[in-house]
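**Student:** let me see the structure of the following:
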Amino acid sequence: MRALLLAACLAWSAAQAGEAPPAAADPALEARVMAVATELRCLVCQNQTIADSHADLALDLRRQIREMLAKGDSEQQILDFMTARYGDFVLYRPPWKASTALLWLGPGLLLAAALGTLALVLRRRSRLANEAFEPDTPDTPDTPETDERRDRD
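**Tutor:** Here you go, the predicted model:
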């Protein structure tokens, strides 16, 4: 049984090693690949850069970046190519445009709406009479009086 488990683990690790993305022979090139990859959003994961993602599309895009850098394209040319192909959404930090204004202003608008709602609720509650709220009941041992209140509720 152990031999079968060991063989299965070895086969799995060999299969995983075969799926690893090819690293560039030049460490400087690989550093440039990762610098460009951190500027691009994974289209599958959407909350990760393609440098952090392990999705197949991210692996393909990193390979494509590596090839483009090796043939002499600049980082800006690669970003322009990816933007032309996938739109502004592929950029991890999209530019300020009318079409991306909601991306930039949305979190602030949501925070302002939440704070406004909180202020409105607190103002309305402060205007209510004390009878509108349930009275605080002290923690007391069982007495005939508390038993009667419990039976009524």
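**Student:** can you list the low-confidence ranges for this protein?
**Tutor:** 1-24, 139-153 (pLDDT under 70).
**Student:** what ranges do the helices span in it?
**Tutor:** Taking DSSP state H, the helices of the chain run over residues 2-18, 27-37, 56-70, 75-86, 101-127, 144-152.
**Student:** so which elements touch the third one?
**Tutor:** In terms of contact count using 3 or more Cβ pairs under 8 Å, 6 or more residues apart in numbering; DSSP states H and E, helix 56-70 is assigned the packing partners helix 27-37, helix 75-86. All C-beta atoms are positioned from the backbone trio N, CA, C, and that covers glycine.
**Student:** okay, now residue 90: neighbour count?
**Tutor:** Using other Cβ atoms under 10 Å, residue 90 is surrounded by 19 other residues.
**Student:** ok, residue 60 next?
**Tutor:** Residue 60 has 12 nearby residues by other Cβ under 10 Å.
**Student:** if we can go back for a sec, deepest-packed of the helices and strands packed on helix 56-70, please.
**Tutor:** helix 27-37 (a mean of 16; mean count of other Cβ atoms under 10 Å).
**Student:** and the angle from it to helix 56-70?
**Tutor:** 130 degrees (axes from the mean of the first three to the mean of the last three Cα atoms, to 10 degrees).
**Student:** export helix 27-37 to CSV, keeping only CA atoms.
**Tutor:** Presented in CSV, the C-alpha positions along helix 27-37 are these (Å, rounded to 0.1, in the frame of the first residue of the first chain):
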residue,chain,number,x,y,z
PRO,A,27,17.5,36.5,-14.8
ALA,A,28,17.3,40.1,-15.9
LEU,A,29,14.8,39.1,-18.6
GLU,A,30,12.8,37.2,-16.0
ALA,A,31,12.8,40.2,-13.7
ARG,A,32,11.4,42.4,-16.6
VAL,A,33,8.8,39.8,-17.3
MET,A,34,7.6,39.8,-13.7
ALA,A,35,7.7,43.6,-13.6
VAL,A,36,5.3,43.8,-16.6
ALA,A,37,3.2,40.9,-15.3
